[in-house]
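J.: when you get a sec, could you give me coordinates for this:
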Amino acid sequence: MKKIAILSGDKRQTFACDVLKERGFDAYIKNNMDFHDDDFILCGTPFLKNGAYINCDYHSAFPAETFLGLLQKNQVVFAGSVSEKMRSLADKMRLQLYDLLDDPILVWKNAYLTAEALLGKIITETDFSLRNSKVLILGFGRCGMNIASLLKGFDAEISIYDHTAKNLARAASFGYRIAEYGKLHLLLPDCQLLINTVPQKILNLNHYEKINRNCVLYDVSSAPYGLEKENAYRNDLSLHTCPGLPGKYTPQAAGEFIAGTIISYIERMR
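T.: Modelled structure (predicted):
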């Protein structure tokens, strides 16, 4: 039976290992860098920390290039959020590096877990009720859609900004108020929650100056993020940057989803 080595990291790795073993796979938690007898290797999500080192808990700074150099051409590596640089390097080395977040089903499930975790944070970290609260969500992709859906269940007043007409039309079809970029400043003085899902800057300095000082800002996008700490702090705004929520707040479900994606991949290859 083919072996699946799982790099020790956060709880998602442990739960993924449990599911794989329950499904009959020879999976185990790896605590060294000897992959000679392994067929599949599950790395962390994200794949790298600090942009250069393998994301695992038993090496604080193990270079990713060194890691890839230890692998053999017939091995398959699973990881999340693989950079273009790492993809290119793996291709040159003729290694199979599979980005879990290329799987649309897993991405959608992770988006829901992100929304669920964010909702928990909002409830515990703010003083106001979500009912009738005024919420502006930047971005109406998978995360934005799931966040809006959960907040709608609390009767929040939701406005959506997205740079694409397609996503704005979709938001309108769900009954949300849509915001044009040139009119964002009109919503900000009354906004109680501002949630960014886009990993790029949308708001300018003028926008930050218009935001209600009692508004709470959450950024659930990935690095380099979309909300700027400097501008938020300069205007005395409360900003919470929240990357990787599924791994922190719902690791069991996230690990199960990762395991399911790996199983689907292996079954397709048989």
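
J.: and the residue nearest the centre of the chain?
T.: Against the mean C-alpha coordinate of the chain, by Cα atoms, centre = their mean, the closest residue is residue 244 at 5.0 Å.

J.: report pLDDT for that one.
T.: Note on residue 244: pLDDT of 89.

J.: now do residue 104
T.: In this model, residue 104 is scored at 95, pLDDT.

J.: what does the one 10 residues further on give?
T.: Reported pLDDT at residue 114 in the predicted model: 97.

J.: also residue 170?
T.: pLDDT recorded at residue 170 is 97.

J.: and what of residue 58?
T.: 85.

J.: and residue 42, by the same measure?
T.: What the model reports as pLDDT for residue 42 is 98.

J.: how about residue 270?
T.: 72.

J.: sketch out the strands for the protein, chain order is fine.
T.: In the chain, the strands defined using DSSP state E lie at 3-7, 26-30, 40-42, 48-49, 53-54, 76-79, 96-99, 134-138, 157-161, 177-178, 193-196, 216-219, 238-241.

J.: what's the closest of these to residue 87?
T.: Distances from residue 87 to each of the strands of the chain were compared using Cβ to Cβ; the minimum, 6.4 Å, belongs to strand 96-99. Placement of C-beta: from N, CA and C, glycine included.

J.: quickly run through the sheet partners of that closest one, with directions.
T.: Taking DSSP bridges as the criterion, strand 96-99 sits next to strand 76-79 (parallel) in its sheet.

J.: and the strand it pairs with, average pLDDT?
T.: 96.

J.: biggest helix in this protein by residues?
T.: The helix that spans the most residues within the chain, counting by DSSP state H, is helix 104-125.

J.: quick one, phi/psi of residue 139?
T.: The phi and psi torsions at residue 139 (degrees, to the nearest 10) take the values phi 100, psi 130.

J.: what sits against it?
T.: Listed by Cβ atoms under 8 Å, 6 or more residues apart in numbering, the contact partners of residue 139 are 161, 162, 167, 196, 197, 198, 221, 226.

J.: now the last one: closest residue in space, sequence neighbours ignored.
T.: In space, not counting the residues next to it along the chain, residue 226 is nearest to residue 196; the distance is 4.3 Å by Cβ to Cβ, 6 or more residues apart in numbering.

J.: residue contacts, that neighbour?
T.: 138, 139, 202, 217, 218, 219, 220, 221, 225, 226, 227.

J.: just to revisit the earlier point, turn the strands of the chain into JSON lines, columns for distance to residue 258.
T.: Putting the strands of the chain into JSON lines (distance: least, Cβ to Cβ, whole Å) gives the following:
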{"stretch": "strand 3-7", "distance to residue 258": "10"}
{"stretch": "strand 26-30", "distance to residue 258": "12"}
{"stretch": "strand 40-42", "distance to residue 258": "7"}
{"stretch": "strand 48-49", "distance to residue 258": "17"}
{"stretch": "strand 53-54", "distance to residue 258": "17"}
{"stretch": "strand 76-79", "distance to residue 258": "8"}
{"stretch": "strand 96-99", "distance to residue 258": "12"}
{"stretch": "strand 134-138", "distance to residue 258": "26"}
{"stretch": "strand 157-161", "distance to residue 258": "29"}
{"stretch": "strand 177-178", "distance to residue 258": "34"}
{"stretch": "strand 193-196", "distance to residue 258": "25"}
{"stretch": "strand 216-219", "distance to residue 258": "24"}
{"stretch": "strand 238-241", "distance to residue 258": "23"}
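
J.: mean pLDDT lowest where, among those?
T.: The weakest mean pLDDT among the strands of the chain belongs to strand 48-49, with a mean of 91.
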